[in-house]
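Chemist: predicted model and sequence below, questions to follow.
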Amino acid sequence: MGLNIVDPNEFPDIEVKEISCKSALSLSGLEADYAINAYKGCSHGCLYCYAPFVIKENREWGTFVDIKRNIPAVLAKELRNKPKGSVRIGSVTDPYQKVEGRYQLTRMCLQQLKKADVHVILQTKSDLVVRDIDIFTDMDIDVGMTITSLDDNFRLKFEPEAPNVEVRLEAIKTLTDAGVNTWAFIGPLLPGQNDDMVMLEELAEKLNSSGVTEIYLDKLNMREGIWSRLEKSIDKDTIARYREIFSSGNDYFRRRKKDYEKIGKPVF
């Protein structure tokens, strides 16, 4: 597989490489038949992300992005030859992270999917998604925005390079005003960090007023490698509490589930 190193001055905070992929569509178990991830790695650098567990990458998460430069052409071929099915975009890496502004691989993949007339579920944390409203028009697509808290200090702590909360809310409103079906994802819920019901109810109110059709909530899934990243930003007492909640069958989330159901649909 060919590989080119991108000019480090273009993306000074991350290592960016151009690679070639052999496949675009992978089988998915996340409410879709297939998944597409045009990039390997993510510049958002979310501390709680489970993606390193999925892709088994030794590089530090949030410091690299590999660009699958030929994925639109590969996708076009697979859409002709594989059984037709729904497609999820953004299952492992954000399709609208900052490199998308230059490479536009997500946009080109969306154009192929629209031609193929398949149902698409897309999830992102970025307001760059509004760029593609022209493609979403008359397309069978549901666009989801992940917002984990109204407190931007939470974002700075756990999602350091992701867009701030206000621009995400504005993006949802722009999409719904354009007639795009939108939904929201609140997750992961971290005990003592972003699970306060007053804040969550206010967030849900803002999301509903922006026109989302559904709100989903999910707990933190403590996968391999997440502890080491969280420990950089959470005090020792909180880490000890998390170990109790996530490692010993504690029923914390089960007890909170009824509260969360007042806001949206828990998926755990």
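Modeler: Structure's in. What do you need?

Chemist: got phi/psi on residue 17?
Modeler: phi -130, psi 150 (degrees, to the nearest 10).

Chemist: could you find the closest non-adjacent residue to it?
Modeler: Among residues not flanking residue 17 along the chain, residue 66 sits closest, at 5.1 Å (C-beta to C-beta, 6 or more residues apart in numbering). Placement of C-beta: from N, CA and C, glycine included.

Chemist: those strands in this protein, which residues are they?
Modeler: With DSSP state E as the criterion, the chain has strands at 3-5, 15-19, 26-27, 34-36, 39-40, 64-68, 87-89, 120-124, 141-146, 181-189, 215-219, 265-266.

Chemist: want to throw these into JSON lines with mean neighbour count?
Modeler: Converted to JSON lines, the strands of the chain look like this (neighbours: other C-beta atoms under 10 Å):
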{"stretch": "strand 3-5", "mean neighbour count": "10"}
{"stretch": "strand 15-19", "mean neighbour count": "17"}
{"stretch": "strand 26-27", "mean neighbour count": "10"}
{"stretch": "strand 34-36", "mean neighbour count": "24"}
{"stretch": "strand 39-40", "mean neighbour count": "22"}
{"stretch": "strand 64-68", "mean neighbour count": "22"}
{"stretch": "strand 87-89", "mean neighbour count": "26"}
{"stretch": "strand 120-124", "mean neighbour count": "23"}
{"stretch": "strand 141-146", "mean neighbour count": "23"}
{"stretch": "strand 181-189", "mean neighbour count": "22"}
{"stretch": "strand 215-219", "mean neighbour count": "21"}
{"stretch": "strand 265-266", "mean neighbour count": "16"}
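
Chemist: the nearest residue to residue 197 once chain neighbours are set aside: neighbour count?
Modeler: With sequence-adjacent residues excluded and distances taken as C-beta to C-beta, 6+ apart, residue 197 is closest to residue 259, at 5.7 Å. Other residues within reach of residue 259, judged by other C-beta atoms under 10 Å, total 14.

Chemist: and the helices in this protein, which stretches?
Modeler: Taking DSSP state H, the helices of the chain run over residues 51-55, 71-81, 100-103, 105-116, 133-136, 152-158, 165-177, 197-210, 226-230, 236-247, 252-261.

Chemist: relative to residue 17, which of these is closest?
Modeler: Set against residue 17 and scored by C-beta to C-beta, the helices of the chain come closest in helix 100-103, at 11.9 Å.

Chemist: residue 103 touches residue 69, doesn't it?
Modeler: Yes - contact criterion C-beta atoms under 8 Å: residue 103 and residue 69 qualify, at 7.4 Å.

Chemist: where in the stretch 1-150 of the chain is pLDDT low?
Modeler: For the stretch 1-150 of the chain, the stretches with pLDDT under 70 are 1-8.

Chemist: rebuild the strands of the chain as JSON lines, extending it with distance to residue 58.
Modeler: Output for those, formatted as JSON lines (distance: least, C-beta to C-beta, whole Å):
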{"stretch": "strand 3-5", "distance to residue 58": "16"}
{"stretch": "strand 15-19", "distance to residue 58": "13"}
{"stretch": "strand 26-27", "distance to residue 58": "21"}
{"stretch": "strand 34-36", "distance to residue 58": "22"}
{"stretch": "strand 39-40", "distance to residue 58": "13"}
{"stretch": "strand 64-68", "distance to residue 58": "10"}
{"stretch": "strand 87-89", "distance to residue 58": "26"}
{"stretch": "strand 120-124", "distance to residue 58": "26"}
{"stretch": "strand 141-146", "distance to residue 58": "26"}
{"stretch": "strand 181-189", "distance to residue 58": "24"}
{"stretch": "strand 215-219", "distance to residue 58": "27"}
{"stretch": "strand 265-266", "distance to residue 58": "34"}
